[in-house]
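Asks: structure of the sequence below:
(2 chains)
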Amino acid sequence: MTTLTLSQAKPVDRPSVKAKYDHFIGGKWVAPSSGEYFDNISPIDGKPFTKAARGNKEDVDKAIDAAHEAFKTWSKTSAAERSRVLNKIADIMEENLEMLARLETVDNGKALRETRAADLPLCIDHFRYFAGVIRADESTISEHDENTVSIALHEPLGVVAQIIPWNFPLLMATWKIAPALAAGCCTVVKPAEQTPTSIMVLMELIADVVPPGVLNVVTGFGVEAGKPLASSNRVSKVSFTGETTTGRLIMQYASENLIPVTMELGGKSPNIFMKSVADADDEFFDKAVEGAVMFALNQGEVCTCPSRILVHEDIYDVFMKRVIERTKAIKMGHPLAEDTMMGAQASNDQYEKILSYLDIGKQEGAVTLCGGESAGLNSGLETGYYIKPTIFKGHNKMRVFQEEIFGPVACVTTFKTTEEAIAIANDTMYGLGAGLWSRDAHELYQVPRAIQAGRVWVNCYHTYPAHAPFGGYKKSGFGRENHLMMLDHYRQTKNMLISYDKNKQGFF
Amino acid sequence: MITDEAKEVIDTLRERFGSDLMFHQSGGCCDGSSPMCFEKGEFKVGSQDIWLGEVYGCDFFMSADQFEYWKHTQLTLDITPGRGSSFSIEIPMGIRFMIRSKLFTSEDLENLSPVTTGEEKLSEG
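Replies: Reported below is the predicted structural model:
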């Protein structure tokens, strides 16, 4: 039984919210056609704190109508004006950062420390990034010969559907909304069922700066609201972040309509610690220890959670001793307490799922190095969803090494050679993130080069700056976010092929 | 294998949707690592999926590469209160299907019935 380190600070106050929120369609608040709402439960204490509109096909169709109407003007709006709108959104978020950070904590359960330091600042910067990028955007022109000119012009796709996950509600929405609007598209966003509120409060703040219908948000359940949105023949593209089965289903619907999709479906990211990491007990070694403990960031509810720790066997003892110590020192407590490092899992079913994985890990013979159970907090948090950060020792064929647990659980195993490390790292269906830690100049390039993942962090982890493309290989999906290349996912190319020759070709 | 609570939910859903149901085990982030429930035929399965068998009259599928890691465990379909995302049809009820797993013993492993691919299952009709 490991003891738990508890946070000490008194929790700050929750921001006030309305009793219920409607859909945000055409710049207005529109009640759900069904007249129904569903509870939004805060993972802090497992109790409802507001209600969200229970959207359905009618609501989705209204939103698509509004988006089409807005597209007529938005698609012709100048880059400077679109940029101004995105910058305004960033400014408003910055002015309201503290309130939005607290609300995100209440909606998702993550620690206030993280929403203040990561979620909100990243959102703000993301809007500013795309506001900047779009001002420098150009299409191309080529003179094929003295009479023939070819223009490859980028045009926005039109109205797009965006389905958002719950692990970083505002940030995941931002990653989708910012490039879509920058590219000139209008969007209908469906937030996740677990976290339908923070985005609505954001809409309240920005309703006056975004032209009506450019950005629409419909809340509801996947099968009732998400399905009509993803299968609509009036959207030009679907973008989705979530899990594999829903990803396949969305691709299926998109295939019926012959529209493009991009998706990000998770991972089982390896974090590799080469022998040279332990060459000195200096600040870099300490950084590597933190790198390993990063599995606990956001309660492990990150698609790129470094959930597999691969350590060179020669340094296992000295490295893991410090990693386990650091993990046990993670402060858990009320997510709104300023020193809480790890908060609650996002919902009861996530909590149960993680516990079932802790169980199967033990059944499979994994050794519990720390944690391994629910956190059992009190002082009003008894009914919240708290689990102790856990490290299992085992091998890469165990289910806990292969499946995305999506909780604060890391599995550690050792390797003898670089080839073995790479083989274990790549022995997974997924390929989203990976980490490589080394002091060796050759390893720093050649190992990441051999890992089949879309994002390899080298001597760092869990940083998501704008202008670093992010996306998956293999079953982790396709498409790249956070970079101007994302704009191409929201545009199509019109080629204007112009002849200045007055004479006919000679065929007829 | 299935719990009684999960059976009740399947009965309710069958009635509400007026059709048979199917399950596909999902992987990946957020709501992954959990079974998704759909109306029968809604989700297209094929040669890359494995049919594990029937649970309470519903076909249960999993992708073949995922099955490689699961085949040594026995799965029980259960239900828990929660707020899931995805298009699984029990979600509006405020509950969520989940899997509880048990390792097969070596005797169990000898007595397992064979599985087929999704494609073969579909062509059986």
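
Asks: show me the helices in chain B, by range?
Replies: Ranges of helices in chain B, per DSSP state H, are B:4-17, B:64-70, B:106-110, B:118-124.

Asks: let's have those in JSON lines, adding distance to residue A:262 and mean pLDDT.
Replies: Every C-beta, even on glycine, is put in place using the N, C-alpha and C of the backbone. Shown next, in JSON lines, are the helices of chain B (distance: least, C-beta to C-beta, whole Å; pLDDT from 0 to 100):
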{"stretch": "helix B:4-17", "distance to residue A:262": "30", "mean pLDDT": "92"}
{"stretch": "helix B:64-70", "distance to residue A:262": "22", "mean pLDDT": "88"}
{"stretch": "helix B:106-110", "distance to residue A:262": "41", "mean pLDDT": "78"}
{"stretch": "helix B:118-124", "distance to residue A:262": "25", "mean pLDDT": "79"}
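
Asks: quick one, which of these is nearest to residue B:25?
Replies: helix B:64-70 (6.6 Å; C-beta to C-beta).

Asks: which parts of that closest one are buried?
Replies: By 16 or more other C-beta atoms under 10 Å in any protein chain shown, the buried positions in helix B:64-70 come out as B:66, B:67, B:69, B:70.

Asks: do the same with stretch A:472-486
Replies: Buried residues in stretch A:472-486 (16+ other C-beta under 10 Å): A:472-484, A:486.

Asks: for the helices of chain B, which one sits closest to chain A?
Replies: The closest of the helices of chain B to chain A is helix B:64-70. By C-beta to the nearest C-beta, the value is 4.4 Å.

Asks: say whether chain A is contacted by that closest one.
Replies: Yes. Using C-beta under 8 Å from any C-beta of the partner chain, helix B:64-70 reaches chain A at B:65, B:66, B:69, B:70.

Asks: the third one: what's its closest spatial neighbour, skipping adjacent residues?
Replies: Looking back up the chat, that one is residue B:69. residue A:402 (4.4 Å; C-beta to C-beta, 6 or more residues apart in numbering or on different chains).

Asks: same check, this time on the second one
Replies: Nearest-residue entry for residue B:66: residue B:27, 5.4 Å, with adjacent residues in sequence omitted and distances by C-beta to C-beta, 6+ apart.

Asks: give me the phi and psi for the one you found.
Replies: The phi/psi pair for residue B:27 (degrees, to the nearest 10) reads phi -120, psi -180.

Asks: wait, what's in contact with it?
Replies: A:243-245, A:265-266, A:403-404, A:429-430, A:475, B:33, B:63, B:66 (C-beta atoms under 8 Å, 6 or more residues apart in numbering or on different chains).

Asks: at 7 Å instead, please
Replies: A:243, A:244, A:403, A:404, A:429, A:475, B:33, B:66 (C-beta atoms under 7 Å, 6 or more residues apart in numbering or on different chains).

Asks: swap in residue A:285?
Replies: A:277, A:278.

Asks: how much space between it and chain B?
Replies: 30 Å (C-beta to the nearest C-beta, to the nearest Å).

Asks: so which strand or helix has that residue?
Replies: Counting by DSSP states H and E, the element that carries residue A:285 is helix A:283-293.

Asks: if you count neighbours, what's buried in that helix?
Replies: So, applying 16+ other C-beta under 10 Å, buried residues of helix A:283-293: A:284, A:285, A:288, A:289, A:291, A:292, A:293.

Asks: after the strand or helix carrying residue A:324, next one along is what?
Replies: Using DSSP H and E, residue A:324 sits within helix A:316-328. Counting by DSSP H and E, the next helix or strand C-terminal to helix A:316-328 is strand A:331-332.

Asks: contacting residues around that next one?
Replies: A:4, A:5, A:6, A:7, A:339, A:340, A:341, A:342, A:375, A:377, A:386.

Asks: now, of the residues you listed, which are buried?
Replies: Applying 16+ other C-beta under 10 Å to the contacts of strand A:331-332 flags A:4, A:5, A:6, A:7, A:340, A:341, A:342, A:375, A:377, A:386 as buried.

Asks: circling back to that earlier point, so which of the contacts of residue B:27 wins on neighbours?
Replies: Within the contacts of residue B:27, residue A:404 tops the neighbour count with 29 neighbours, counted by other C-beta atoms under 10 Å in any protein chain shown.

Asks: in three-state terms, label that residue for me.
Replies: coil (DSSP: H, G, I helix; E, B strand; the rest coil).

Asks: quick one: contacts for it?
Replies: With C-beta under 7 Å, 6+ apart, residue A:404 has these contacts: A:266, A:267, A:268, B:27, B:28, B:29, B:32, B:33.

Asks: so the first one, which of the three states?
Replies: What it means is residue A:266. coil.

Asks: residues in contact with it?
Replies: A:243, A:303, A:404, A:430, A:432, A:476, B:28, B:29, B:30, B:32.

Asks: will you turn the residues you listed into a markdown table that also has distance to residue A:458?
Replies: Formatted as a markdown table, the contacts of residue A:266 follow (distance: C-beta to C-beta, whole Å):
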| residue | distance to residue A:458 |
| --- | --- |
| A:243 | 28 |
| A:303 | 19 |
| A:404 | 23 |
| A:430 | 19 |
| A:432 | 16 |
| A:476 | 19 |
| B:28 | 24 |
| B:29 | 23 |
| B:30 | 27 |
| B:32 | 27 |
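
Asks: ok so, going back, can you put the buried ones among the contacts of strand A:331-332 in a markdown table and add pLDDT and distance to residue A:44?
Replies: Formatted as a markdown table, these follow (pLDDT from 0 to 100; distance: C-beta to C-beta, whole Å):
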| residue | pLDDT | distance to residue A:44 |
| --- | --- | --- |
| A:4 | 84 | 17 |
| A:5 | 91 | 19 |
| A:6 | 92 | 15 |
| A:7 | 90 | 13 |
| A:340 | 96 | 10 |
| A:341 | 96 | 15 |
| A:342 | 96 | 13 |
| A:375 | 94 | 13 |
| A:377 | 91 | 10 |
| A:386 | 96 | 9 |
